[in-house]
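Asks: when you get a sec, could you give me coordinates for this:
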Amino acid sequence: MTQEVVEPNPALTGPQAAATRETLEDYTLRFAPRSYRKWGPGVVSISALGGIAYLADFAIGANIGIANGTGNALWGILFFAVVVVLTGYPLAYYAARYNIDLDLITRGSGFGYYGSVLTNVIFASFTFIFFALEGSIMAQGLKLGLGIPLWLGYLVSSVLVIPLVIYGMNTLAKLQVWTTPLWLVMMVLPFLYLLITHPDAVGDFLSYSGGLDGKGGQGVSFAGTMLAAGVCLSLIAQIAEQIDYLRFMPPKTAENSRRWWTAVITAGPGWVFFGAIKQVVGLFLAVYLILNFADQAGVANQPVEQFLAIYEDFMPHWLALTLAVILVVISQIKINVTNAYSGSLAWTNSFTRVTKTYPGRLVFLVFNVAIAIVLMEADMFSFLNNLLNFYANCGIAWIATVASDIAINKFLLKLSPKQPEFRRGMLYSVNPVGFGSVVIAGGLSIMTYFHVFGDAIQPYSPIVALVLAVVLPPIFAIATKGKYYLRRTDDGIDLPMLDADGNPSDAKLMCCVTGIEFERPDMIASAKPGPNGEKQYISSLALSCDKTGEHVLPEQK
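Replies: Now for the predicted structure:
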């Protein structure tokens, strides 16, 4: 699939020129225009879901089950799934409907133009933590199958991803669509075989109480459930990676409405159903190894060992090992291209907004991968539960705050503008509604996690983050009367923002800085008149790189 490439004004130099060239491909910093969005709902959905092929769910399911027992793990996974669906739906809808990523949604949903930089850092942290986790799993496979030392496997699994990510959405869409069928066959069929040939494994799984000997003695408890849920909820920020694909959805019309909604729900919050199933399967396979292969109990949480054990049940060792390694490599490449891609977008967006300088997305692609390598070399797999439990507090605070602002402040209280706004000059620098909510919810939940308020409440830090992130935004919005959402209500352009179907308009205006036409939702009037005193327009992209601020419209009194 090819896309039209438009070159910026050859006379243009500086950060605007660099940013323009790069974002014509991946739209790092801004709205995704209709002229670029040529994929159908099905392709976008499959591409988005292709990214959840990761095997971390297997490791997470195994770890929480070994630590807390099957009962607590299953209830924790269910709690996690419900939270992700409820918080993910409004975010996915806004991304697909208005064709913007979660950072742009966050800006206008209670955080302000610079305030959302905080959440971008939270998201970027998510991408390198899970890049490191997936890379560790791939390195384990390379060590088992090819004898490659772990330290070298970490490097190989990381560097291998970089060339695939450089070319943006075009390459990623093709990779995800073509590899998904093979991945499904290699993962699903062996598991079904295990269920059919070893039906007693189901009973063993359900009665498993934790520990490497299967005799952990832990019954089902609310504290145990919340400890399990806390690890799972570290994945709540996965919706941001789903949105990096969903922003390329085609316009919603009467003709494609059913397919459009199916794609948005399935690839948006629906990702968690696939993730929850994988966590349950990961625990099931870990229990199978612990109870049937005593010598492998110590590696029962490693996905490559799990699938090797299944494959060996019905094929020679050499073939089983080969297929297990292939499955791990395919799975980890599929997710880590998304982790690397989304992480590079998050870092680039924040850096450009703060410094008004665009260094190129490749710089932050390498930066994000480098952080992940450090984590891998530090053997993060050995303290996985603690790391993910800690991160979950930050992720929950961010996602739940934005979801609360959309659902309650926009639609119920009507204090937050229903149509998302992300352009510089239209927003205040910081909005206390979202920014304050995340700082308080995240801060108090992290303090809870580190036993500041006592041992009894420590397992419930995810609940603290979730409850505060839901209730604080409406409290702040009412207290401030919604005055910090919009710095201006008039962007100086007479053309309507939306078309007759409620989709972002595809009318185009010329950017006075780049000399390129951009679609209406991406444009704003410039405060600087033209050579003859005429009104000029500037793209949100060029405006974000305006160091002088001469194009920024004044605050509207």
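Asks: and Pro531, which of the three is it?
Replies: Using DSSP: H, G, I helix; E, B strand; the rest coil, the structure places Pro531 in coil.
Asks: ends of stretch 245-252, how far apart?
Replies: Its start and end residues considered, stretch 245-252 measures 16 Å (C-alpha to C-alpha, to the nearest Å).
Asks: right, I mislabeled it, should have said stretch 244-255
Replies: Length of stretch 244-255, first residue to last, C-alpha to C-alpha: 24 Å.
Asks: for the nearest residue in space to Pro496 that is not next to it in sequence, give me its contacts.
Replies: Spatial nearest neighbour of Pro496, excluding adjacent residues (C-beta to C-beta, 6 or more residues apart in numbering): Ser505 at 6.1 Å. In this view, the C-beta of every residue, glycine as well, is placed from N, C-alpha and C. By C-beta atoms under 8 Å, 6 or more residues apart in numbering, the residues touching Ser505 are 495-499, 519-521.
Asks: what's the answer for Leu543, then?
Replies: 423-425, 524, 551-552.
Asks: mind listing which of the residues you listed are in strands?
Replies: The strands, defined by DSSP state E, take in Ile524 from those.
Asks: the contacts of Leu543: which two are farthest apart?
Replies: Using C-beta to C-beta, those span at most 11.2 Å, a distance reached by Arg423 and His551.
Asks: more neighbours, these two?
Replies: With neighbours defined as other C-beta atoms under 10 Å, Arg423 and His551 compare such that Arg423 has more, 26 against 20.
Asks: report pLDDT for that one.
Replies: Listed pLDDT for Arg423 reads 93.
Asks: now it: how far from Phe293?
Replies: Between Arg423 and Phe293 the computed distance is 58 Å (C-beta to C-beta, to the nearest Å).
Asks: and Asn349, by the same measure?
Replies: Counting by C-beta to C-beta - Asn349 and Phe293 are separated by 47 Å.
Asks: neighbour count: those two, which is higher?
Replies: Under the criterion of other C-beta under 10 Å, the comparison of Asn349 against Phe293 puts Asn349 first, with 24 against 14.
Asks: so for the helix or strand where that one lies, what gets flagged as buried?
Replies: Assigned by DSSP states H and E, Asn349 belongs to helix 317-355. Using 16 or more other C-beta atoms under 10 Å as the test for burial, helix 317-355 gives 320-321, 323-353.
Asks: average pLDDT for it?
Replies: Averaged over helix 317-355, pLDDT sits at 81.
Asks: over to stretch 67-87?
Replies: The model assigns stretch 67-87 a mean pLDDT of 94.
Asks: would you mark the buried spots in it?
Replies: Here stretch 67-87 shows 67-81, 83-85, 87 as buried, counting by 16+ other C-beta under 10 Å.
Asks: so which of those residues are in helices?
Replies: Counting by DSSP state H, the part of those found in helices is 67-68, 70-81, 83-85, 87.
Asks: neighbours around the nearest residue to Phe284 once chain neighbours are set aside, how many?
Replies: The spatial neighbour of Phe284 that comes closest, neighbours along the chain excluded (C-beta to C-beta, 6+ apart), is Phe205 at 5.0 Å. When neighbours are counted by other C-beta under 10 Å, Phe205 registers 19.
Asks: quick one: secondary structure of Phe205?
Replies: For Phe205, the secondary-structure state derived from three-state DSSP is helix.
Asks: which residues does the spatially closest residue to Val325 that is not a sequence neighbour contact?
Replies: Excluding the flanking residues, the one nearest Val325 by C-beta to C-beta, 6+ apart is Gly145, at 3.4 Å. For Gly145, the contact set (C-beta under 8 Å, 6+ apart) comprises 304, 321-322, 324-325.
Asks: Gly145 is in what secondary structure piece?
Replies: Judged by DSSP H and E, Gly145 forms part of helix 117-146.
Asks: what's the helix or strand just after that helix in contact with?
Replies: Per DSSP H and E, the first helix or strand lying C-terminal to helix 117-146 is helix 150-159. Applying C-beta under 8 Å, 6+ apart, the contact partners of helix 150-159 are 131, 134-136, 138-140, 142-143, 148, 332, 336, 369, 372-373, 376-377.
Asks: which of those residues count as buried?
Replies: Buried among those (16+ other C-beta under 10 Å): 131, 134-136, 138-140, 142-143, 148, 332, 336, 369, 372-373, 376.
Asks: out of the residues you listed, who's nearest Ile60?
Replies: Using C-beta to C-beta, Glu134 comes nearest to Ile60 of the buried ones among the contacts of helix 150-159, at 11.6 Å.
Asks: how close does the closest one sit to Leu184?
Replies: Taking C-beta to C-beta, one finds Glu134 at 18 Å from Leu184.
Asks: ok, Gly502 touching Ala254?
Replies: No. Between Gly502 and Ala254 there is no contact under C-beta atoms under 8 Å: 11.2 Å.
Asks: quick one: which of these two has more around it?
Replies: Using other C-beta under 10 Å as the criterion, Gly502 and Ala254 rank with Gly502 on top: 12 against 7.
Asks: Ile162: how many residues sit nearby?
Replies: Number of residues near Ile162 (other C-beta under 10 Å) recorded here: 16.
Asks: residues contacting it?
Replies: Ile162 touches 340, 365-366, 369, counting by C-beta under 8 Å, 6+ apart.
Asks: ok, now how distant is it from Val369?
Replies: Counting by C-beta to C-beta, the gap from Ile162 to Val369 is 6 Å.
Asks: joint contacts of the two?
Replies: Common contacts of Ile162 and Val369 (C-beta under 8 Å, 6+ apart): Ala340.
Asks: pLDDT score assigned to Gly42?
Replies: Looking at Gly42, the pLDDT reads 87.
Asks: show me what the helix or strand where it lies is packed against.
Replies: Using DSSP H and E, Gly42 sits within helix 41-50. Applying 3 or more C-beta pairs under 8 Å, 6 or more residues apart in numbering; DSSP states H and E, one finds that helix 41-50 contacts helix 169-197, helix 238-246, helix 257-267, helix 271-292.
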